[in-house]
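Undergrad: Only the shape, not the letters, is given here:
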């Protein structure tokens, strides 16, 4: 029994290691503008990168809003709560819009084919980067 568990652990380590290797290769291949730009791995990498930027931009905007409303509207805490509530609602609605739009863009491809996955990933990445620009424009850094 212990032998089987050891084998399973080693197999999992190999799979995890290969996954990181593939992502590292895809990252280099995609950023260099090589032939890999149209691969699923590159579209997945682009989606993850854009998602990380979107999350960072959202968190930074939340921080800017908290700072602004703490200093500017000290006597009106409801202003801060109202803004943060609207921002959260807006982001949730936008994510639904993005996901629905991207599913529409890839509609002509069969959902279980690589072309659909690439189109979906690329659309999510593109729209997420557009949203980053929008969020960065709200309460700009002074």
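TA: Right, received. Where do you want to start? Keep in mind the model is a prediction, meaning the values are calculated, not measured.

Undergrad: Mind telling me which residue is nearest the centre of the protein?
TA: residue 51 (1.3 Å; C-alpha atoms, centre = their mean).

Undergrad: which residues does that one contact?
TA: When contacts are counted by C-beta atoms under 8 Å, 6 or more residues apart in numbering, residue 51 touches 124-125, 128. Where C-beta positions appear, they are placed from N, C-alpha and C, glycine not excepted.

Undergrad: and those residues as TSV, adding neighbour count and distance to residue 110?
TA: Below are the contacts of residue 51 laid out as TSV (neighbours: other C-beta atoms under 10 Å; distance: C-beta to C-beta, whole Å):
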residue	neighbour count	distance to residue 110
124	24	18
125	23	21
128	23	24
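
Undergrad: Now do the buried residues in stretch 81-98.
TA: 83, 87, 91, 94, 98 (16 or more other C-beta atoms under 10 Å).

Undergrad: Would you format these as TSV with pLDDT and distance to residue 112 included?
TA: Conversion of the buried residues of stretch 81-98 to TSV gives the following (pLDDT from 0 to 100; distance: C-beta to C-beta, whole Å):
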residue	pLDDT	distance to residue 112
83	88	42
87	95	36
91	98	30
94	98	27
98	98	22
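
Undergrad: List the residues that contact the residue nearest to residue 118 when sequence neighbours are not counted.
TA: Closest residue to residue 118 apart from its sequence neighbours, by C-beta to C-beta, 6 or more residues apart in numbering: residue 43 at 4.4 Å. Contacts for residue 43 (C-beta under 8 Å, 6+ apart) come out as 117-118, 121-122, 125.

Undergrad: Residue 69 now?
TA: Shown in contact with residue 69 (C-beta under 8 Å, 6+ apart): 77, 79-80, 83.

Undergrad: about what we covered before: what average pLDDT does the helix or strand hosting the residue nearest to the centre of the chain get?
TA: Following DSSP states H and E, one finds residue 51 within helix 40-72. Here helix 40-72 scores 91 as its mean pLDDT.

Undergrad: lowest-pLDDT helix or strand in this structure?
TA: Of all helical and strand segments in the chain, the minimum by mean pLDDT, DSSP states H and E falls on helix 2-31, at a mean of 47.

Undergrad: Between the contacts of residue 69, which sits nearest residue 137?
TA: Closest to residue 137 out of the contacts of residue 69 is residue 83 (15.0 Å), distances taken as C-beta to C-beta.
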